[in-house]
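1. what follows is a predicted structure for the sequence shown.
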Amino acid sequence: MSISGVSSMSSNLATLSQKASGSTSSSSSSLEQQRSSIDQQIQQENSSNDSSEIKQQKIQALQAELQQIEAQIQQAQQTQQTQQTQQTQQTQQVSKLAETSNNQAESVQSMNNESNSNSNNIIDVYA
């Protein structure tokens, strides 16, 4: 693989990782807003004029919803951490591949230079 091919692959990898990370971040942000909204609803319900039985039922329903959202937030954070770990590993692999490609290119260049210098030392014994 050429050096430009490795560079292009590295660039594409970075773009994909950024998109994946961005979608997870926006998902977490939306969930955080939902959590905040439910917290406000719980506070409003605590100060409402509903009977204590109705208040308790509404608050329990809101708390159950809040627990689901918090679980989704935790899952989104874990997904983001996993994606970051994978991105780091992939970046390291691409760097190693680029280094190997560069080393091979230098080796070929060195062999070409050696071959050229050897061809200049040939003596034409028939001349």
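-> Received, thanks.

2. what mean pLDDT does the particular helix or strand that has Glu32 in it have?
-> Assigned by DSSP states H and E, Glu32 falls within helix 3-46. On average, the pLDDT along helix 3-46 is 71.

3. next one: stretch 90-110
-> For stretch 90-110, the per-residue pLDDT averages 82.

4. now that stretch: buried residues?
-> 90, 94, 98, 101 (16 or more other C-beta atoms under 10 Å). (C-beta placed from N, C-alpha, C; glycine too.)

5. also stretch 71-80?
-> Using 16+ other C-beta under 10 Å as the test for burial, stretch 71-80 gives 72-73, 76, 79-80.

6. could you redo the residues you listed as JSON lines and give each row secondary structure, distance to Ser52 and pLDDT?
-> As requested, those are exported to JSON lines (DSSP: H, G, I helix; E, B strand; the rest coil; distance: C-beta to C-beta, whole Å; pLDDT from 0 to 100):
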{"residue": "Gln72", "secondary structure": "helix", "distance to Ser52": "30", "pLDDT": "93"}
{"residue": "Ile73", "secondary structure": "helix", "distance to Ser52": "30", "pLDDT": "92"}
{"residue": "Ala76", "secondary structure": "helix", "distance to Ser52": "36", "pLDDT": "90"}
{"residue": "Thr79", "secondary structure": "helix", "distance to Ser52": "40", "pLDDT": "91"}
{"residue": "Gln80", "secondary structure": "helix", "distance to Ser52": "41", "pLDDT": "90"}
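
7. export the residues you listed to CSV and append columns for distance to Gln43.
-> Formatted as CSV, those follow (distance: C-beta to C-beta, whole Å):
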residue, distance to Gln43
Gln72, 21
Ile73, 20
Ala76, 25
Thr79, 30
Gln80, 29
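
8. circling back to that earlier point, pick the one among the buried residues of stretch 90-110 closest to Lys58.
-> Gln90 (47.6 Å; C-beta to C-beta).
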